[in-house]
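Q: sequence? don't have it. structure:
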Ligand code: MCN
């Protein structure tokens with residue numbers, strides 16, 4: 001029986017549960033200097049000078065500034081439509097553009113001495129006008145890069161508006177929403193260490209999701225041969241898209257080379273809140289038109305994406321928002337325009353979901369507004385417009401080609417599992433009774449794109465002398481459980497027990513190449529590559545077995561029962577992997593049991609339906625999420641237990657954006673939520689137990705049939721909850737509630753509706 005599809009416990013968990021995880025901060029590094037960054041307290045200012053004399057007067061303190069660094073700038077990513085003239089100086093030299101930008105580097109023997117010395121570094125700031133709202137910034141009145149002449153850092157879609165887009169529509173609804181800026185808050189903040197070896201090569205230990213890309217990025221930016229750099233990513237305690245290469249890691253490698261001494265740095269939590277790149281921060285306006293019997297005909301979506309002070313991946317996200325704007329619906333006409341705009345805030349990156357939740361938030365709100373206007377039940381309206389089950393592959397008017405799906409089945413399962421009709425009846429009873437606690441029911445049908453930019457990934461499988469196997473993967477697991485699921489794939493292909501398979505990741509010397517992990521692409525690419533490599537090893541093994549058993553390779557059969565092979569029709573003539581490896585090792589032929597594969601594929605489109613049930617106190621505005629039910633389809637599941645864990649985390653993120661989280665700046669660009677005291681997020685007691693159901697509609701994109709699941713939870717959860725809150729308040733005339741729908745925003749929406 002295949003191990004694939006079974007709820008196998010995670011192999012890595014005993015290590016983590018016993019506190020035996022090894023993070024960058026735990027690595028012993030003899031004689032390492034501590035690095036502390038002096039960061040700007042101003043959102044926008046000219047730097048008059050840096051006076052480090054008081055700091056360097058202390059014993060063992062060295063201070064370096066942008067003047068010492070002859071490399072950079074860093075970024076922007078060379079992606080289509082992204083303005084290339086807005087690179088970030090690795091250390092700010094003339095101008096700072098957000099609170100938290102690095103202006104000087106303090107090197108000390110111990111960490112506390114570095115913190116004390118950093119406070120003595122005097123920077124002369126001459127404040128400049130500040131802009132924090134991307135719609136304001138787009139007016140180009142305050143310019144972050146006067147030499148570029150505009151704050152618009154990226155464009156996508158089309159600026160053309162068709163006058164007749166909504167011609168012939170009986171019903172047209174419009175709305176606007178802000179997808180709040182979120183701080184990723186990984187449990188392990190960023191950490192980096194670097195050392196130059198006796199051979200002159202640098203080893204950098206990074207808390208990262210993308211070791212191989214970091215190697216190219218660091219060597220490229222600092223101007224040396226990537227062969228002279230080894231990146232090691234040990235255990236990483238969460239990344240959520242934000243742990244990709246940034247200036248701090250570049251500086252650590254640069255310092256190790258410059259000082260000839262090992263260096264290390266670990267972010268403090270409050271440093272992480274402003275320096276680690278943020279997510280979301282999109283201003284969306286939409287118009288949806290259709291017939292009065294609920295057939296959708298035209299849709300327009302406009303996005304102002306806050307890129308933060310320097311365009312990094314976030315500036316490209318509107319491309320995904322536009323691509324996915326059609327949702328799960330057949331809308332014949334779609335117009336989209338996206339603008340990414342720099343502001344005096346922390347740069348925006350690809351936080352879990354990355355541009356796709358924003359698309360879902362817009363279309364799912366639009367559908368509810370349309371349902372409200374036409375009096376059609378929101379679930380029924382969705383059903384009338386789904387891409388039909390037999391309509392795949394399906395190309396949307398926004399240009400995405402969906403691989404496979406069954407959106408109606410997902411919605412039907414969600415509605416029956418949650419007891420939709422009973423909930424509506426209970427809602428009607430409460431409305432009639434008119435008490436303060438009203439029920440809201442929110443539905444969201446979502447679609448996600450995983451592996452959105454057709455990437456490739458590397459996998460290698462090697463049989464060891466004891467008859468076990470090692471999978472070397474270019475994917476990186478920072479919480480996703482690849483040590484289990486990738487081992488399951490290889491074990492199944494090799495006919496080996498799971499405990500005989502080990503997964504190696506995160507070391508650029510051990511693994512020939514790699515893309516890393518983001519865009520929920522690891523399983524469909526890295527997992528598939530590992531599977532192909534294992535299959536190739538099986539074929540190689542058959543040749544060797546044939547030699548040893550004096551048979552033809554074509555007669556050798558893989559036999560899971562013996563964890564090895566036998567000859568077709570002669571089960572007694574068998575050779576286990578262990579026997580084979582022992583003989584091959586003795587003959588110097590073990591190297592024949594090793595294969596590497598790169599696998600490239602087109603994107604896949606996971607989907608699902610989420611239902612949220614909230615109770616809203618219409619006197620205080622307090623929202624309580626009572627139930628949350630998720631149906632998710634990520635194609636064929638490797639390990640439903642791991643996938644369910646991913647759904648739990650993703651849903652928590654999505655719910656949290658709807659109800660709790662928002663990173664806020666004042667008009668001078670001062671962060672107001674830069675500690676865990678001010679930044680709201682839920683604890684376990686604020687959330688209900690998730691009710692999850694899985695569906696499996698395989699994708700033809702890879703041999704596993706697997707799509708991604710890592711970000712799916714974030715797509716449906718936010719609009720389901722926002723729809724539920726508005727639904728609870730609709731009898732009071734409320735048509736919109738700002739996210740997060742906390743007590744204050746709900747109360748305000750009620751007061752505005754009353755007025
Ligand atoms: N899986 C499965 N069957 C499938 C799809 C996935 O069993 N059909 C399993 C996989 O094998 C893997 C896990 O589910 O163990 C997630 O796989 P996948 O969907 O391929 O996503 P990635 O591994 O590429 O993870 C990336 C995704 C992203 S982009 C973010 S952001 C994210 C996330 O995953 N950040 C996370 N999940 C996270 N989980 C934790 N704990 N911490 C983070 O920082």
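A: Thanks, I have it. Computed from a predicted model, the values in this text were never measured in an experiment. Numbers count the residues shown, from 1 in each chain.
Q: near the ligand, which residues of the stretch 501-650 of the chain?
A: 517-523, 527, 634-639, 642-643, 646, 649 (C-beta under 6 Å from any ligand atom). Bear in mind the C-beta positions are built from the backbone N, C-alpha and C, glycine included.
Q: quick one: which of those sit in helices?
A: 642, 643, 646, 649 (DSSP state H).
Q: Could you look up the SS state of residue 610?
A: On the three-state scheme (DSSP: H, G, I helix; E, B strand; the rest coil), residue 610 is labelled strand.
Q: For it, give its distance to the ligand.
A: Residue 610 sits 17 Å away from the ligand, going by C-beta to the nearest ligand atom, to the nearest Å.
Q: quick one, what contacts that residue?
A: 414, 443, 444, 446, 628, 629, 630, 631, 651, 716, 717, 720 (C-beta atoms under 8 Å, 6 or more residues apart in numbering).
Q: which one of the residues you listed sits closest to the ligand?
A: The closest of the contacts of residue 610 to the ligand turns out to be residue 651 (C-beta to the nearest ligand atom; 11.7 Å).
Q: any idea how far the spatially closest residue to residue 704 that is not a sequence neighbour lies from residue 604?
A: Leaving aside its sequence neighbours, residue 704 sits nearest to residue 528 (C-beta to C-beta, 6 or more residues apart in numbering; 5.5 Å). Residue 528 is 11 Å from residue 604, where distance means C-beta to C-beta, to the nearest Å.
Q: Could you pull up the residues touching residue 382?
A: Per C-beta under 8 Å, 6+ apart, neighbours of residue 382: 328, 329, 367, 407, 411, 443, 445.
Q: Let me know whether residue 122 touches residue 54 as I believe.
A: Yes - the criterion here is C-beta atoms under 8 Å, and residue 122 meets it with residue 54 at 7.2 Å.
Q: Next up, phi/psi of residue 258, please.
A: Residue 258 adopts backbone torsions of phi -70, psi -40, taken as degrees, to the nearest 10.
Q: State the number of residues packed around it.
A: 16 (other C-beta atoms under 10 Å).
Q: Show residues contacting the helix or strand where residue 212 lies.
A: Taking DSSP states H and E as the criterion, residue 212 maps to helix 211-222. When contacts are defined by C-beta under 8 Å, 6+ apart, helix 211-222 is touched by residues 71-72, 74, 90, 204, 206, 208, 225-226, 228-233, 244-245, 249-250, 253-254, 257, 474, 476, 506-508, 511, 513-516.
Q: now do 7 Å
A: Helix 211-222 has contacts (C-beta atoms under 7 Å, 6 or more residues apart in numbering) with 71-72, 74, 206, 208, 225-226, 229, 231, 233, 245, 249-250, 253-254, 474, 476, 506, 508, 513-516.
Q: and it, average pLDDT?
A: Averaged across helix 211-222, pLDDT comes to 97.
Q: buried stuff in it?
A: Within helix 211-222, the residues that count as buried by 16 or more other C-beta atoms under 10 Å are 211, 212, 213, 214, 215, 217, 218, 219, 221, 222.
Q: Show me which residues of the stretch 651-755 of the chain sit near the ligand.
A: Counting by C-beta under 6 Å from any ligand atom, the positions of the stretch 651-755 of the chain adjacent to the ligand are 706, 707, 708, 709, 710, 711.
Q: Could you rerun that using 5 Å?
A: By C-beta under 5 Å from any ligand atom, the residues of the stretch 651-755 of the chain that approach the ligand are 706, 708, 709, 710.
Q: Among these, find me the one that's closest to the ligand.
A: Out of these, the member with the shortest distance to the ligand (by C-beta to the nearest ligand atom) is residue 710, at 2.4 Å.
Q: For the closest one, which residues are in contact?
A: Counting by C-beta under 7 Å, 6+ apart, the residues that residue 710 touches are 480, 520, 646.
Q: same check, this time on residue 564
A: So residue 564 contacts 574, 575, 576, 577, 579, 580 (C-beta under 7 Å, 6+ apart).
Q: tell me the secondary structure for the residue nearest to the fourth one when sequence neighbours are not counted?
A: If I follow you right, that is residue 577. Take residue 577 and drop its neighbours on the chain: the residue closest to it by C-beta to C-beta, 6+ apart is residue 467, 4.1 Å away. Classification of residue 467 by three-state DSSP places it in coil.
Q: Just to check, residue 467 is in contact with residue 583?
A: No - applying C-beta atoms under 7 Å as the test, residue 467 and residue 583 come out as separate, 10.3 Å apart.
Q: higher neighbour count, the two?
A: residue 467 (20 against 16).
Q: For beta bridges, what are the partners of residue 192?
A: Taking DSSP bridges as the rule, residue 192 bridges to residue 206, residue 265.
Q: That one: neighbour count?
A: Neighbour count for residue 192, taken as other C-beta under 10 Å: 26.
Q: Export the ones in helices among the residues of the stretch 501-650 of the chain next to the ligand as TSV, with columns for neighbour count and pLDDT.
A: Compiled in TSV, those are given as follows (neighbours: other C-beta atoms under 10 Å; pLDDT from 0 to 100):
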residue	neighbour count	pLDDT
642	22	98
643	26	98
646	23	98
649	19	97
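Q: Distance to residue 151 added to these, as a markdown table?
A: Shown next, in a markdown table, are those (distance: C-beta to C-beta, whole Å):
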| residue | distance to residue 151 |
| --- | --- |
| 642 | 42 |
| 643 | 41 |
| 646 | 36 |
| 649 | 34 |
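Q: Of those, which is the nearest to residue 304?
A: Of all those, residue 649 has the smallest distance to residue 304: 28.5 Å, by C-beta to C-beta.
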